[in-house]
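1. need coordinates for the following:
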Amino acid sequence: MKRILPSLAAAVLVLLLVHPGPAWALRSFMLTPDTALYGVVRQVKVEGEDTLLDIAREFGLGYNQIVAANPGIDPWVPPKGELVKIPLAFMLPRERPQAGVVVNLAEMRLYFFFSNGGHDFFFTAPIGIGREGYLTELGVYKVKSKTPNPTWVVPASIREEEPDLPAEVPPGPDNPLGDFVFRLSRNLYAIHGTNKPWGIGRRVSHGCIRMYPEDVGALYPVVPVGATVQVIYEPVKYGWGDGLFWVQAFEDFEKRAEYPLMKIMEELLYHEATIGPLDIDRQALERVLEEKTGVPMVVARPREK
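-> Modelled structure (predicted):
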């Protein structure tokens, strides 16, 4: 398959300004005031021997996103000609800094917010995260250092689990850090590439954040040492876009989401009290929270006068 990824003209321009090399892997957007919704949902047909994982990588998605958006389709052997939903629309995290990296563990997605030429932009890409018992601790970190072609110094805890591992793994195809690594300010955490790209969108690591090789390679030149990295867990995101109120929900695998229905209804009732009445689709709201497909859904709109 050779499909062309959608891109905003302004975002392409900023990529050229910031990084003149081949940095086209990351999805890129110009931030627009008063909207939290970006991108679109589209469909493609399964071709040849494609798996959903092949399609996910081509469109900058992780395993979790493509599978959640297409329940009932075998991710490894999808029927040829099957229409597959490509969830390229998403809500921005509600908890985010003005500049820096945001890692949303629940969504398994990374965002990098920055300014250039008087405008605000962000890049975004799917990630692999820590497996059960090894989830990255929430909080604010700094990029302590960044290194191309890193050597993996195997932590003692991992060598205890896998005693056949050497003390160090040099750069190359067997190195699980991939070609680039951002080391964070505590707990030996890092954001890095991978030699196992099918782990993106899965819980596979010991707490580090894994990226597709093409994504971390594009991110490497533009994220500086000292950048803030905020790690959050936000399985339910919501906000306004195109004059409508949207909700996007992912699996709450850590069972940390507290009363999302109540919080969203409070937000909508506050809007009604301060701005104006809404037509609230309670069934759509309950459905998006129950199905957790990761596809944004309209749940409210201003009432027509």
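2. residue 30 contacts residue 117, correct?
-> No. Contact between residue 30 and residue 117 fails when scored by C-beta atoms under 8 Å: they sit 10.5 Å apart. Every residue, glycine included, has its C-beta placed from N, CA and C.
3. more neighbours, those two?
-> In terms of neighbours (other C-beta atoms under 10 Å), residue 30 is the more surrounded of residue 30 and residue 117; the figures are 16 against 10.
4. list the beta-bridge partners for that one.
-> Counting by DSSP bridges, residue 30 forms beta bridges with residue 121.
5. could you check the pLDDT of it?
-> At residue 30 the predicted local confidence, pLDDT, stands at 93.
6. what about it, distance to residue 120?
-> The gap separating residue 30 from residue 120 is 7 Å, by C-beta to C-beta, to the nearest Å.
7. ok, residue 287 next?
-> The value you get for residue 287 to residue 120, if C-beta to C-beta is used, is 33 Å.
8. how about residue 50?
-> As judged by C-beta to C-beta, residue 50 and residue 120 stand 36 Å apart.
9. and what of residue 160?
-> Going from residue 160 to residue 120 by C-beta to C-beta gives 45 Å.
10. quick one: which of the two has more around it?
-> A direct count of neighbours by other C-beta under 10 Å for residue 160 and residue 120 places residue 120 higher, at 15 against 9.
11. ok, now which ones touch the closest residue in space to that one that isn't next to it in sequence?
-> Closest residue to residue 120 apart from its sequence neighbours, by C-beta to C-beta, 6 or more residues apart in numbering: residue 31 at 4.0 Å. Contacts of residue 31 were listed using C-beta atoms under 8 Å, 6 or more residues apart in numbering, and they are 113, 119, 120, 121, 122.
12. give the pairing partners of the strand or helix carrying the first one; include direction for each.
-> This means residue 113. Element membership for residue 113 (DSSP states H and E) is strand 109-116. Note on strand 109-116: by DSSP bridges, its sheet partners are strand 100-104 (antiparallel), strand 119-126 (antiparallel).
13. want to throw the ones you listed into CSV with distance to residue 192?
-> Below are the strands paired with strand 109-116 laid out as CSV (distance: least, C-beta to C-beta, whole Å):
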stretch, distance to residue 192
strand 100-104, 13
strand 119-126, 13
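14. relative to residue 241, which of those strands is closest?
-> Closest to residue 241 of the strands paired with strand 109-116 is strand 119-126 (C-beta to C-beta; 14.9 Å).
15. extract the C-alpha trace of that closest one and format it as PDB.
-> The C-alpha trace of strand 119-126 is given here as PDB (Å, rounded to 0.1, in the frame of the first residue of the first chain):
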ATOM      1  CA  HIS A 119       2.200  30.400  15.900                       C
ATOM      2  CA  ASP A 120       1.600  27.400  18.100                       C
ATOM      3  CA  PHE A 121       1.900  23.900  16.700                       C
ATOM      4  CA  PHE A 122       2.000  20.300  17.900                       C
ATOM      5  CA  PHE A 123       3.300  16.900  16.700                       C
ATOM      6  CA  THR A 124       1.700  13.700  17.800                       C
ATOM      7  CA  ALA A 125       2.500  10.000  17.500                       C
ATOM      8  CA  PRO A 126       1.500   6.600  19.000                       C
END
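16. from the chain's centre, how far out does it sit?
-> Centroid separation for strand 119-126 versus its chain: 11 Å, with C-alpha atoms, centre = their mean, to the nearest Å.
17. which helix or strand lies directly C-terminal to that strand?
-> Counting by DSSP H and E, what follows strand 119-126 is strand 129-130.
18. point out where the stretch 101-250 of the chain drops to low pLDDT.
-> Within the stretch 101-250 of the chain, no range satisfies pLDDT under 70.
19. could you pull out the helices in it for me?
-> Here the stretch 101-250 of the chain has its helices, by DSSP state H, counting those that start in this stretch, at 156-161, 213-219.
20. any buried residues in the shortest one, and which?
-> It stands for helix 156-161. Buried residues in helix 156-161, counting neighbours by 16 or more other C-beta atoms under 10 Å, are absent.
21. so residue 158 is in contact with residue 165, correct?
-> Yes. Using C-beta under 8 Å, residue 158 is in contact with residue 165, at 6.7 Å.
22. now do the shared contacts for these two.
-> With C-beta under 8 Å, 6+ apart, residue 158 and residue 165 have no common neighbours.
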